[in-house]
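Participant: show me how the following folds:
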Amino acid sequence: MEKIKRILLITSDKGLREVLNFCFDGWGYEVFLQDSLSQDIAVIKRMSPDVIVVDVQGARKPQMHICQLLKDDFATAFIPIITIINKRQLRQQLLDIRQGVDDYLIKPPDPLDLRIRIEMAIKRSQYSFYTNPLTGLPGARMVEDILNEKLKAGSFFSFGYVDIDNFKCFNDTYGYIKGDRVIMQTAYMLYTVIKRCGSAGDLIGHIGGDDFVFITVVDKYKAVCESFIEMFDRIIPFHYSSQDRAAGYVYAKDRARKLRKIPLMSLSIAVVNKTGPGEIKSVFEINDRVAEIKRYLKVIPSSKFMADRRNLEESAPGPQLCGNNKEQAYKPLGQVLIEKKLLSQEQLDEALKIHWKRGVVLGEIVKELGFLKEEDLREVLGGLERPLLIPR
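Facilitator: Just a heads-up that it's a prediction; the model follows:
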């Protein structure tokens, strides 16, 4: 059953209040009414509205800073605030309320227009609340909702759960900033692979930490896993120092606080396939199967993937092992530019963040930022022995 949306309407204009309250109530919203903004946001916290609609003309200016207080408080920061503004004082009022307001309408507002703005604001808020703040990918709640929709529709699909082995050791050794770079690049590589090897309508998500998921069609999961592992094993070692990369491990303390050799990061991908109408009935069943496969894969070194074989033929293969790529002849563009002293590490980091977020090739980004001239970039690319599969 869909949750009833709660609207807090703040206005001292009785005519506007009656019209909007009548419309909102008719559309099935639960409406709370206030004459003015209260200095105590605890009242709003208890209401827990989905949207706050404020008639700026009816609110005293000293009270308007409450909008910013709402945005500064963790419990209310995600609530969209829509203001209704008098057109004659639009410029001044916009200057007064530019902090803490998500949208506005000119007074008197068209009720249907306001309803559309409210629904759009709620959707934006829900997406922002349930996405991972680092990668911007859908989080666990959104992935769960999509899986439930697929199960309800009787769709066939492959669900892949991606775990980065030895990421904690890297994060502890190199620091959280470099750890975040690994996470961002992993997200970008998974997105690239899904676009290249998957199908229309596929999804990737970031459950949190170093855990990612993807949903694709059953006949695509193997190509996705193989391509993703190949790309990961080529690129991720360059996040380590040249000494650690050459050794293939780092010295670090394990969970028992004992110093030992920890291999470079690799991938474990657990796949659950739904290939028949009666096979999987709930997200909990998917989660249990993923956990079982993950426990099995975690004791196997190197990058690998395996699909749940309960719904496949008995001859279906076990873990597909893809060892870390020891051949270091390949170098991503970013590494080449660093070694040639054409970029500083700080410049590369700035360019990579844009590259991962926008999906534009790294060479174009460094030119756009003015870090490198066209002729210098052409000279570097012309000297590479093999094509760059995924620029870094």
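
Participant: Asp103 against Arg124, yeah?
Facilitator: No - with contact defined as CB atoms under 8 Å, Asp103 does not count as touching Arg124 (9.3 Å). Using the backbone N, CA and C atoms, a C-beta is placed for each residue, glycine as well.

Participant: overlap of the contact sets of those two?
Facilitator: Pro80 (CB atoms under 8 Å, 6 or more residues apart in numbering).

Participant: state the mean pLDDT of stretch 242-253.
Facilitator: Here stretch 242-253 scores 89 as its mean pLDDT.

Participant: what residues sit buried inside it?
Facilitator: The neighbour-count check on stretch 242-253 (16 or more other CB atoms under 10 Å) flags Asp244, Arg245, Val250, Ala252 as buried.

Participant: return the distance of Asn148 relative to Asn287.
Facilitator: The spacing between Asn148 and Asn287, counted by CB to CB, to the nearest Å, is 12 Å.

Participant: give me the more crowded residue out of those two.
Facilitator: Asn287 (15 against 12; other CB atoms under 10 Å).

Participant: tell me which helix or strand Leu352 sits in.
Facilitator: helix 345-358 (DSSP states H and E).

Participant: how about that helix: buried residues?
Facilitator: Gln347, Leu348, Glu350, Ala351, Leu352, Ile354, His355, Trp356.

Participant: for those residues, which one is nearest Glu279?
Facilitator: Proximity of those to Glu279 (CB to CB) peaks at Trp356, which lies at 36.1 Å.

Participant: my read: the closest one touches Thr186, true?
Facilitator: No - using CB under 8 Å as the test, Trp356 is too far from Thr186 to be in contact (9.6 Å).

Participant: OK, contacts around the residue lying closest to Leu343 once chain neighbours are set aside?
Facilitator: Leaving aside its sequence neighbours, Leu343 sits nearest to Leu337 (CB to CB, 6 or more residues apart in numbering; 4.3 Å). By CB under 8 Å, 6+ apart, Leu337 lies in contact with Leu343, Leu348, Val366, Leu372, Val380.

Participant: quick one: secondary structure of the first one?
Facilitator: The reference is to Leu343. coil (DSSP: H, G, I helix; E, B strand; the rest coil).

Participant: just the helices from the stretch 201-350 of the chain, written as ranges.
Facilitator: For the stretch 201-350 of the chain, helices defined by DSSP state H, counting those that start in this stretch occupy the ranges 221-235, 242-247, 283-298, 333-339, 345-358.

Participant: redo those as JSON lines? Include distance to Arg181.
Facilitator: What follows is the helices of the stretch 201-350 of the chain, written out as JSON lines (distance: least, CB to CB, whole Å):
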{"stretch": "helix 221-235", "distance to Arg181": "11"}
{"stretch": "helix 242-247", "distance to Arg181": "15"}
{"stretch": "helix 283-298", "distance to Arg181": "24"}
{"stretch": "helix 333-339", "distance to Arg181": "11"}
{"stretch": "helix 345-358", "distance to Arg181": "7"}
